[in-house]
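J.: The following comprises the amino acid sequence and a computationally predicted model.
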Amino acid sequence: MYIGFAWLTVVLAIWNFLLFLVRRIWKVWRKRQTAKEKKVQPRWLKILLTALQKSHPLTGLLMVVTGILHGYLALGQTLMMHTGLLLWIGIIALLGIRLVGLAWKSFRKWRIIHIGLDFAFWGLLILHLTQPWLIY
């Protein structure tokens, strides 16, 4: 059961990271178009971008829940200090940055920190997958 929560969390993380990638693709594509070509946008890319943007907050919250459930079940209903807990704290930090951005009504300023933490999250995920008991 806990393996299912682990893979669900990874799938949600990939889905959330796709928002960053699709935005970058969209910006590069828009810069390379002439004014006339910008009027004809690739519909599938805009639909994907909209779906990613709308689902991002919900999938982020689901990552918090599935991550803690995975850790709780994998460790036998206890929580110990190991790389998985660091990873989950990284997810909480991503959520915290988002909430700070909402409170200050200026998420654009906090987006750079959010993206930086996202890359740190991927580093922690690789660490957790390769060395889960490194800091036990």
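T.: Alright, I've got the coordinates.

J.: which element follows the helix-or-strand element of the chain with minimal mean pLDDT toward the C-terminus?
T.: Here the helix or strand of the chain ranked lowest by mean pLDDT, DSSP states H and E is helix 35-38, holding a mean of 69. Where DSSP states H and E defines the elements, the next helix or strand beyond helix 35-38 is helix 43-74.

J.: average pLDDT for that next one?
T.: What helix 43-74 shows for mean pLDDT is 93.

J.: Same question for it: list its buried residues.
T.: Within helix 43-74, the residues that count as buried by 16 or more other C-beta atoms under 10 Å are 48-49, 52, 56, 59-60, 62-64, 66-71, 74. Where you see a C-beta, it was placed from the backbone N, CA and C, and this is true even at glycine.

J.: Skip ahead from that helix and say which helix or strand is next.
T.: Following helix 43-74 toward the C-terminus (DSSP H and E): helix 83-103.

J.: outside of the next helix or strand along the chain from that next one, which residues touch it?
T.: Using DSSP H and E, the helix or strand that follows helix 83-103 in sequence is helix 107-130. Helix 107-130 has contacts (C-beta atoms under 8 Å, 6 or more residues apart in numbering) with 10, 13, 16-17, 20, 83-84, 86-87, 90-91, 93-94, 97-98, 100-101, 104, 134.

J.: List the buried residues for helix 107-130?
T.: W110, H114, L117, D118, F121, L124, L125, L127, H128.

J.: from those residues, which single one is nearest W44?
T.: Of all the buried residues of helix 107-130, W44 sits closest to D118, with 24.3 Å by C-beta to C-beta.

J.: For that closest one, give its distance to L95.
T.: 12 Å (C-beta to C-beta, to the nearest Å).

J.: Could you do G123 as well?
T.: 18 Å.

J.: returning to what we had before: out of the buried residues of helix 107-130, show me where the pLDDT dips lowest.
T.: Comparing those by pLDDT, W110 comes last, at 83.

J.: Without its sequence neighbours, what residue ends up closest to that residue?
T.: Once flanking residues are discounted, W110 sits nearest to G101: 3.8 Å by C-beta to C-beta, 6 or more residues apart in numbering.

J.: For L86, see how far away that neighbour is.
T.: Relative to L86, and taking C-beta to C-beta, G101 is found at 23 Å.
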